[in-house]
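K.L.:
I'd like to go over a predicted model; first the sequence, then the structure.
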Amino acid sequence: MKLVLWDIDHTLIATRGVGREIFGYCFEQVTGCPMREQAAVDGMTEPVIFRETAKLHGITSDRTMFEAFARLSAEQHQLRAGELRERGHALPGAARVLATLAALDEVEQTVVTGNIRVAAETKLSVFGLDTRIRFPIGGYGEDDDERAELVRIAIRRASHSLNTPLTPQDVLLVGDTPADVAAARANHVRMLAVATGRSTTTELRQAGADLVAPDLENSSLVIRALTGR
């Protein structure tokens, strides 16, 4: 059995500003303070982005505040799904590579993402990318602050659900940031980095990715990364 862990934003889809707008709206509703700036988001989990953004505004946040933010964010992603569909898009090759992997025997696909689960499901469903993903075995922003721990959570959930103990050699992580690479290396799983976000192929290679690609157009490269051949 092989397990593919997908990052979402800038790996499979682009929201073209809708995600930031939702974050800003929810941040203001929960804190009472308009969001003047947002903390770094690349590779970060939602709890960390919320906490660090609050700090930029002189606000000390706690878990209860984040949970209120997460509930509102889930509602807003669902309410603005149509806008997300109109303004955002699936990245080139994403649908095809998900379908190609789904057709392989003994390969399961899920997500490891800093998004909360409802947002993750909504983002992929509006672009028709959800049918290949087993969401219950993924790792999400509400599960832990650290991306490396989300990888471990997903592997544990998948092993339990599939009744198959998965080793690091059975797992491939696909993402677009050095933080994704670091999470893969921390768990000794294979890493395919795609330069579809802000990081260049050189930066991703220097971060230690096993394979680096400009995008997801080459499905055979993903299979090669998964099998190690």
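P.N.:
Cool, got the structure. What you see is a predicted model, and the numbers here were worked out from it, not measured in a lab.
K.L.:
so what's the residue count around residue 127?
P.N.:
Neighbour count of residue 127, defined by other Cβ atoms under 10 Å: 18. C-betas here are computed from N, CA, C, even on glycine.
K.L.:
run through the bridge partners of the closest residue to it other than its chain neighbours.
P.N.:
Distances taken as Cβ to Cβ, 6 or more residues apart in numbering put residue 90 closest to residue 127, at 4.1 Å, once the chain neighbours are dropped. Legend: beta-bridge partners of residue 90 under DSSP bridges are residue 13.
K.L.:
how much space separates residue 90 from residue 198?
P.N.:
18 Å (Cβ to Cβ, to the nearest Å).
K.L.:
of those two, who's got more company?
P.N.:
Counted by other Cβ under 10 Å, residue 90 and residue 198 do not tie: residue 90 has more neighbours, with 19 against 12.
K.L.:
count the residues that sit near residue 75.
P.N.:
Neighbour count for residue 75, taken as other Cβ under 10 Å: 13.
K.L.:
shift numbering so it begins at 25
P.N.:
Let's use 25 as the start, then, which means that last one is residue 99.
K.L.:
so how far is residue 160 from it?
P.N.:
21 Å.
K.L.:
residue 145 too?
P.N.:
Separation of residue 145 from residue 160 (Cβ to Cβ) stands at 11 Å.
K.L.:
I figured residue 93 hits residue 59, correct?
P.N.:
No: with contacts defined as Cβ atoms under 8 Å, residue 93 does not count as touching residue 59, sitting 11.3 Å away.
K.L.:
anything in contact with each of these two?
P.N.:
residue 51 (Cβ atoms under 8 Å, 6 or more residues apart in numbering).
K.L.:
what about the two, which has more around it?
P.N.:
More neighbours surround residue 93 than the other of residue 93 and residue 59, with 23 against 18 (other Cβ under 10 Å).
K.L.:
contacts for the helix or strand containing the more buried one?
P.N.:
Residue 93 is located in helix 87-103, with elements delineated by DSSP states H and E. Here helix 87-103 makes contact (Cβ under 8 Å, 6+ apart) with 46-47, 49-51, 53-55, 70-71, 74-75, 78, 108, 140, 142-143, 146-147, 165-166.
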